[in-house]
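Student: my questions concern the predicted model and sequence given below.
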Amino acid sequence: MNLVISSHGEEVSLMPSALQAAVDAVPSHDLSFTRALKLDGEVVANVGIIERWGGVARVWAWIEPEAKAHALSLTRLCKKELLYFERYFKRIEVEIPVDDAVGIAWIEVLGFHREAKMKCYGLGGEGDYYLYARFRNGSI
């Protein structure tokens, strides 16, 4: 099994015993990013952040079930990136479907707090979502 983190066009190949060291070595160079996590050459997760306006950013994630075996490494990578970006943003937001219990648990582990329920927020006005946010230094 070969696990790879792809960042800024470079790929870092990971073996399970070296995951944390490789996560620590992935650089962040700008105020937005996308990271692809590959398992045996197949992308199993993408995570990213983009600035919405001054001081506010939005994060997103697409995660396949195959990435579940590496959830701890993915969580560590995301926590590291969030800490980096908190230097530049006072508020980081994420929207998540109300029926995504696993996703909700994960973003709460990442330090996000639920702020609101948004009715008819999904594509075409279908589905309800929660708005979560986290703030610099954990302040609310």
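Tutor: Structure's in. What do you need?
Student: ok, the residue lying closest to residue 137 once chain neighbours are set aside - contacts?
Tutor: Sequence neighbours aside, residue 86 is the residue nearest to residue 137 in space, at 7.1 Å (criterion: C-beta to C-beta, 6 or more residues apart in numbering). No exception for glycine: its C-beta is placed from N, CA and C like everyone else's. Residues counted as contacts of residue 86 (C-beta atoms under 8 Å, 6 or more residues apart in numbering) are 92, 134, 136-137.
Student: quick test: name the residue nearest the centre of this structure.
Tutor: Taking C-alpha atoms, centre = their mean, the centroid of the chain lies closest to residue 47, which sits 4.5 Å from it.
Student: got a list of what it touches?
Tutor: Contact partners of residue 47, counting by C-beta under 8 Å, 6+ apart, are 34-35, 37, 59-63, 74, 77-78, 81.
Student: check which helix or strand covers it.
Tutor: Here residue 47 sits within strand 42-53, counting by DSSP states H and E.
Student: keeping just the C-alphas, turn the helix or strand following that strand into CSV.
Tutor: Per DSSP H and E, the first helix or strand lying C-terminal to strand 42-53 is strand 56-63. What follows is strand 56-63 as a C-alpha-only set of coordinates in CSV (Å, rounded to 0.1, in the frame of the first residue of the first chain):
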residue,chain,number,x,y,z
VAL,A,56,-12.8,35.1,6.5
ALA,A,57,-12.1,31.8,4.7
ARG,A,58,-14.2,28.7,3.8
VAL,A,59,-12.9,25.1,4.0
TRP,A,60,-14.1,22.1,2.1
ALA,A,61,-13.4,18.4,1.9
TRP,A,62,-14.2,15.4,-0.3
ILE,A,63,-13.3,12.1,1.3
